[in-house]
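Colleague: got a predicted structure plus its sequence, pasted below:
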Amino acid sequence: MSTLPYPHEFHDVDDETNARVKRLVPGLAEGAMTIGKDRYFYPKKDHEAFHKMYNYPLDERDIWVVTMPKCGTTWTQEMVWLIANDCDFKGAQSNLVPDRWNFLEMSYLVLASDVRAKSVAWEGIKANPWKMPQILWLGLKMAWPRKYYPPRFIKSHMPFSMLPPKLLDTCKVVYVARNPKDALVSYYHHHKLIKMMDFEGTFEEFFDLFLENKVVQAPFMPHVKEAWEKKDHPNLLFLFFEDLKSDLKGNIRRVGDFLGKTLSEEQVEQLYEHLKFDNFKKNPYVNNDPLKELGILSTTGNFVRKG
């Protein structure tokens, strides 16, 4: 099968920016680069990964969730998976990623910080040597998701311009936007939580990096604008995090309609209770609790924090 040429140029960042992000974010020890006219910010690594993701094979049965980081991705993934799977709450008792969802750029992001990733994994093995098989198995599952073949559930934080060009003509896609002020705060805590990033600066320093579009997968507004410009496509459902919070039941029904699923009032009520934040934040299958035990997440915070 022929592949499409990658349409975006790669740019090195200046020495001052590289020195700054390396100091504040040890996970970017190899430095950073930007991609395309909007200069999306990524760890510096082999460009071939982006060509492969741009040419990711699509199937009309696949369902995607696309967001900027910390915009309600996990919450939406759980909702979408359960609606698409007829409220199979028993089946949802397995880790969201990588057991039920593929994270398109996971392998790239892990490999881009491979020195840090290996160090974190080794520290986890030394602290819990009896868990070495679990650590190695988890790494394999993250790099090679279980769901190779459709129908698949796929999430990505990349903008539409960097995703397969026929995505919306082929697959159903749910996009979620959030107030960038709230996403900023959540992304700061995320950088403190993920050991492979292990942000070592202050909130003020992270705030400056965010505004300067020097955090991974920034800039924020061009990403949202790309999706907003496609909001009328029949295969795109554009949601706002704030609307999900203010009218969760209404948006459960809206997602159901989009996916062609008719939900009973009982199912809507069950989903509502399952997704209510006080319940959701205690769900180990979405909270990545096993990663804490393996030393990949800090034990001082939660993946699902305050919503």
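Modeller: Structure's in. What do you need?
Colleague: how many neighbours does Thr67 have?
Modeller: Counted by other C-beta atoms under 10 Å, the residues lying close to Thr67 total 26. (Glycine included, C-beta is placed from N, CA and C.)
Colleague: for it, give its distance to Phe240.
Modeller: With distances taken as C-beta to C-beta, to the nearest Å, Thr67 is found 11 Å from Phe240.
Colleague: overlap in contacts of those two?
Modeller: Val176, Ala177, Arg178 (C-beta atoms under 8 Å, 6 or more residues apart in numbering).
Colleague: list the contacts of the first one.
Modeller: What that stands for is Val176. Going by C-beta under 8 Å, 6+ apart, Val176 touches Val65, Thr67, Cys71, Gly72, Thr73, Thr76, Leu239, Phe240, Phe241, Leu244.
Colleague: what helix or strand is the first one located in?
Modeller: Just to be clear, that refers to Val65. Assigned by DSSP states H and E, Val65 belongs to strand 63-67.
Colleague: mind listing the strands for the stretch 1-150 of the chain?
Modeller: In the stretch 1-150 of the chain, the strands defined using DSSP state E, counting those that start in this stretch lie at 10-12, 32-35, 40-43, 63-67, 102-103.
Colleague: which residues sit against the third one?
Modeller: Read it as strand 40-43. Under the criterion C-beta under 8 Å, 6+ apart, residues 13, 27-28, 30-35, 109, 112-113, 158-159, 162, 213-219, 222-223 lie in contact with strand 40-43.
Colleague: which among those residues end up buried?
Modeller: Among those, those classed as buried by neighbour count (16 or more other C-beta atoms under 10 Å) are 13, 27-28, 30-35, 109, 112-113, 158-159, 162, 213-219, 222-223.
Colleague: how much space separates Asn18 from Asp247?
Modeller: Using C-beta to C-beta, we find Asn18 at a distance of 44 Å from Asp247.
Colleague: comparing these two, which residue is more hemmed in?
Modeller: Asn18 (17 against 12).
Colleague: pLDDT score for that one?
Modeller: On the pLDDT scale, Asn18 is placed at 93.
Colleague: cool, Gln217 as well?
Modeller: With respect to pLDDT, Gln217 has a value of 93.
Colleague: ok, now which ones touch it?
Modeller: Applying C-beta under 8 Å, 6+ apart, we find Gln217 in contact with Tyr40, Phe41, Tyr42, Met68, Pro69, His157, Met158, His223.
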